[in-house]
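Novice: build the 3D model from these lines:
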Amino acid sequence: MTGDYITYNDIARLLGISRQAIQKQLKGKIAAGKVKVKAQGRTEQILYSSLPIKMRKRITAVKEKVAEKAKKMVSVPKKDINFEKELWAAADRLRGNVDPSEYKYIVLGLIFLKYVSDSFYQQRTKLQQWLNDPSNKKYYIRDEKSREKMLEDKEMYKRESIFYIPEVARWEFLRNKASLANIAEYIEKAMEAIERDNPEQLSGVLPKNFVRLPLEPHVIGELVNIFSRITFDHTKEKEKDMLGRVYEYFIGQFADAEGKRGGAFFTPRPIVKLLVEILEPFENSRVFDPCAGSGGMFVQSSNFLKEHHKNPNKISLFGQESNRTTLQLCKMNLAIRGVFGKIEFGNSYYEDKFSDLKADFVLANPPFNAEWDPDRITEKDPRIAYGTPPASNANFMWIQHFIQHLTPNGMAGFVMANGDLAIGGKEGKIREKIIKDDLIDVVIACPPKLFFNVSLPVSLWFITKNKESGRFRKRNGETLFIDARDTFEQISRKQVVFNEEQIQKIANTVRAWRGQSSFAEATEGQGKKLKYEDIPGFCKAVKLEEIEKNGFVLTPGRYVGIPEEEDDGVPFEEKVKALKKDLKGYFKESEKVEKEILKNLKKIQ
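Specialist: Residues are numbered from 1 along each chain as shown. Modelled structure (predicted):
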């Protein structure tokens, strides 16, 4: 999409009316050839300059209004519950007709820039106080020139895990240039300068396409003003997390705006949290995600340690991502959280960057039902020990990839398309061998609409290499099935989520089955043991023999049965009597309506 064209959806979003209303307004003018339209895939794009002048004026007025609102937002800083939503609403309206897949790198890049700049300023202020304080024997410097030199010493920031930010990239410098026509050039130079001074973590990571994109200078300037509203104290964890929250919220909104493409880089947070809550990563563990996306699995693993009073930095993260721009998103996302790992670029099928890695935990949401080329790997590849999946579907390639990268006591948790629970043929044989090796620990059926704009129902698979490792009770020859299809909270017509209570309900069911305590209680030293029991319609612990009798199918609904109906205390005979009475009433009403219809038909004749 270029700046010369605009879609019906973009016009509708800017003017706050329906797409159908826009089509109705333009239909006659398009037919008359006054408004020029071209097809781009399944989307129709309209030549912006051919739009009626009144419509163009309305669009310009909306943009000016949004820009004015952005200025007011900056003048009244706040961090309430709707904070991210307000920021998103303002940033999105400024987007105009730029494709969200390109716009996201501009917006997320600016949020990153604001974060590292704030962090730098706060460390600099602290350092300044130490250098000027005669009572501080470690840092005090009498000579002013020497003090100024020390303030620009990169090592003084690096040792505190803070990026050194050169003057041309500092937020206040850029904010003072926000009204200039060449603000995009200043921002690109800022990104280049930060990468140059922090090559180890950021080389080739930051976006540098501000000049190329068809964004008017005032739009980029107003984005700078919008994000100037974010001022956080980086010495407080809650304040640091706020910016991470904004970044994550924006990634989610861009995923929604991009539709099905969005699922390639973003896994909704409730799914990620449930995976991590069940795996329970520990300090000094190795976590691997071979299809890393924007890094949500890594962030949540670190958060899990923090929430349970462990050191969030004592975890080794390894990842691979085949989309270079998504890899940039991932590295920025991790840097904003102060989380670092080894994330490599490459296609996991054909160039496994971590072929020797054995991880304690594998967490992943691979691309579903993707085509691949089996001829590009050798028959001796250990990742196809259970069989070579067909070229038309790589799902079981991913599953074997996860298994291959686990330590002898390792565990994997991943998202998979529901079809693989019961598929036959070559893939069914692979699944059968995995089940016979007693690797399937837990399977959870999820409700549809968990992903943005994708109604495809998914399941969560948990694989354990050793069911008698000593971490939990021995579970040899046993698998837990959970049917969570009716466990959700509806947040919009097209999306559902697991809320916190539902996440803990499912996770505690798994913990109870594994013979654990509730994790929250255990970390507080109380360790109240949970008691597991099968619940019809929700969960059931199943022996390997029963799975074999069912043709090695892993669909939870096949095993958990249907929920028991609650006894309302009304005897069956009374229910039948009431039903008969109701039916008689319905029949009488039906007869009355039928006579009325016939009467009206006679009038027409």
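Novice: can you give me the domain assignment for this protein?
Specialist: 1-51, 56-249, 265-560, 572-605 (automatic domain parsing).
Novice: nearest to A257, out of the ones you listed?
Specialist: domain 56-249 (4.0 Å; CB to CB). To be clear about C-beta, it is placed using only N, CA and C from the backbone, and glycine gets the same treatment.
Novice: and that closest one, how far from the chain's centre?
Specialist: Remark: domain 56-249 is offset 23 Å from the chain centroid, using CA atoms, centre = their mean, to the nearest Å.
Novice: likewise for stretch 546-555?
Specialist: In terms of CA atoms, centre = their mean, the centre of stretch 546-555 is found 32 Å from the chain centre.
Novice: what's the answer for stretch 544-553, then?
Specialist: Computed by CA atoms, centre = their mean, the chain-centroid distance of stretch 544-553 equals 34 Å.
Novice: contacts for it, please.
Specialist: Outside stretch 544-553, the residues within contact range by CB atoms under 8 Å, 6 or more residues apart in numbering are 421-422, 428, 431-432, 435-436, 438, 477-479, 554, 558-559.
Novice: same thing but at 10 Å, please
Specialist: Identification of contacts with stretch 544-553 by CB atoms under 10 Å, 6 or more residues apart in numbering yields 421-424, 428-429, 431-436, 438, 440, 476-479, 481, 540, 542-543, 554, 558-559.
Novice: out of those residues, which end up buried?
Specialist: Neighbour counting by 16 or more other CB atoms under 10 Å classes 421, 423, 431-432, 434-435, 438, 440, 478-479, 481, 540, 542, 554, 558-559 among those as buried.
Novice: okay, and which of those map to helices?
Specialist: 431-432, 434-435, 558-559 (DSSP state H).
Novice: from the residues you listed, pick the one nearest R159.
Specialist: I434 (47.0 Å).
Novice: what's the pLDDT at the closest one?
Specialist: As predicted, I434 sits at a pLDDT of 98.
Novice: ok, and the closest non-adjacent residue to it?
Specialist: Closest residue to I434 apart from its sequence neighbours, by CB to CB, 6 or more residues apart in numbering: Y386 at 5.8 Å.
Novice: does that neighbour touch F402 like I think?
Specialist: No. Using CB atoms under 10 Å, Y386 is not in contact with F402, being 11.9 Å away.
Novice: neighbour count for those two, which is higher?
Specialist: Neighbours were counted for Y386 and for F402 using other CB atoms under 10 Å; F402 has more, 25 against 20.
Novice: tally of neighbours for I230?
Specialist: I230: 20 neighbours (other CB under 10 Å).
Novice: which strand or helix spans the residue nearest to V211 when sequence neighbours are not counted?
Specialist: The shortest distance from V211 to any residue other than its chain neighbours is 4.6 Å, reached at A184 (CB to CB, 6+ apart). Per DSSP states H and E, A184 falls inside helix 183-197.
Novice: going on from that helix, what's the next piece of helix or strand?
Specialist: Using DSSP H and E, the helix or strand that follows helix 183-197 towards the C-terminus is helix 199-202.
Novice: in that following helix, what counts as buried?
Specialist: L202.
Novice: stretch 312-331 too?
Specialist: Neighbour counts over stretch 312-331 (16+ other CB under 10 Å) mark 312, 315, 317-323, 326-331 as buried.
Novice: name the nearest of those relative to A39.
Specialist: Nearest to A39 among the buried residues of stretch 312-331, with distances taken as CB to CB, is N323, at 26.0 Å.
Novice: coming back round to it: which of the buried ones among the contacts of stretch 544-553 sit farthest apart?
Specialist: Put simply, by CB to CB the two of these set farthest apart are I423 and E478, 23.1 Å from each other.
Novice: and stretch 589-605, C-alpha only, in PDB?
Specialist: C-alpha atoms of stretch 589-605 as PDB (Å, rounded to 0.1, in the frame of the first residue of the first chain):
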ATOM      1  CA  GLU A 589     -51.000 -20.200  20.300                       C
ATOM      2  CA  SER A 590     -49.900 -21.800  17.100                       C
ATOM      3  CA  GLU A 591     -53.400 -22.500  16.000                       C
ATOM      4  CA  LYS A 592     -54.400 -18.900  16.700                       C
ATOM      5  CA  VAL A 593     -51.500 -17.600  14.600                       C
ATOM      6  CA  GLU A 594     -52.400 -20.000  11.800                       C
ATOM      7  CA  LYS A 595     -56.000 -18.800  11.600                       C
ATOM      8  CA  GLU A 596     -54.800 -15.100  11.600                       C
ATOM      9  CA  ILE A 597     -52.500 -15.800   8.700                       C
ATOM     10  CA  LEU A 598     -55.200 -17.500   6.600                       C
ATOM     11  CA  LYS A 599     -57.600 -14.600   7.400                       C
ATOM     12  CA  ASN A 600     -55.000 -12.100   6.100                       C
ATOM     13  CA  LEU A 601     -54.300 -14.100   3.000                       C
ATOM     14  CA  LYS A 602     -58.000 -14.100   2.100                       C
ATOM     15  CA  LYS A 603     -58.000 -10.300   2.300                       C
ATOM     16  CA  ILE A 604     -55.100 -10.200  -0.200                       C
ATOM     17  CA  GLN A 605     -57.000 -12.400  -2.700                       C
END
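Novice: next one: that stretch to chain centre, how far?
Specialist: 57 Å.
Novice: tell me where the stretch 151-300 of the chain has helices.
Specialist: 155-158, 171-175, 183-197, 199-202, 217-227, 237-258, 269-279, 296-307 (DSSP state H, counting those that start in this stretch).
Novice: would you mind giving those helices as TSV with mean pLDDT added?
Specialist: Converted to TSV, the helices of the stretch 151-300 of the chain look like this (pLDDT from 0 to 100):
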stretch	mean pLDDT
helix 155-158	89
helix 171-175	94
helix 183-197	94
helix 199-202	86
helix 217-227	84
helix 237-258	69
helix 269-279	96
helix 296-307	93
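Novice: so for G338, which of those helices sits nearest?
Specialist: With CB to CB as the measure, helix 237-258 is the member of those nearest G338 (7.2 Å).
Novice: below-threshold pLDDT in the stretch 351-500 of the chain: ranges please.
Specialist: For the stretch 351-500 of the chain, the stretches with pLDDT under 70 are 452-454.
Novice: mind running it again at 90?
Specialist: 368, 449-457, 491-495 (pLDDT under 90).
Novice: the stretch 501-605 of the chain now?
Specialist: Flagging of the stretch 501-605 of the chain using pLDDT under 90 yields the residue ranges 517-530, 562-605.
Novice: can you map out the strands along it?
Specialist: 539-543 (DSSP state E, counting those that start in this stretch).
Novice: just give the number of residues close to the residue nearest to R170 when sequence neighbours are not counted.
Specialist: In space, R170 comes closest to S117 once its chain neighbours are excluded; the distance is 5.4 Å by CB to CB, 6+ apart. By other CB under 10 Å, 21 other residues sit near S117.
Novice: again with the one 10 residues further on
Specialist: Other residues lying near L127 total 18 when counted by other CB under 10 Å.
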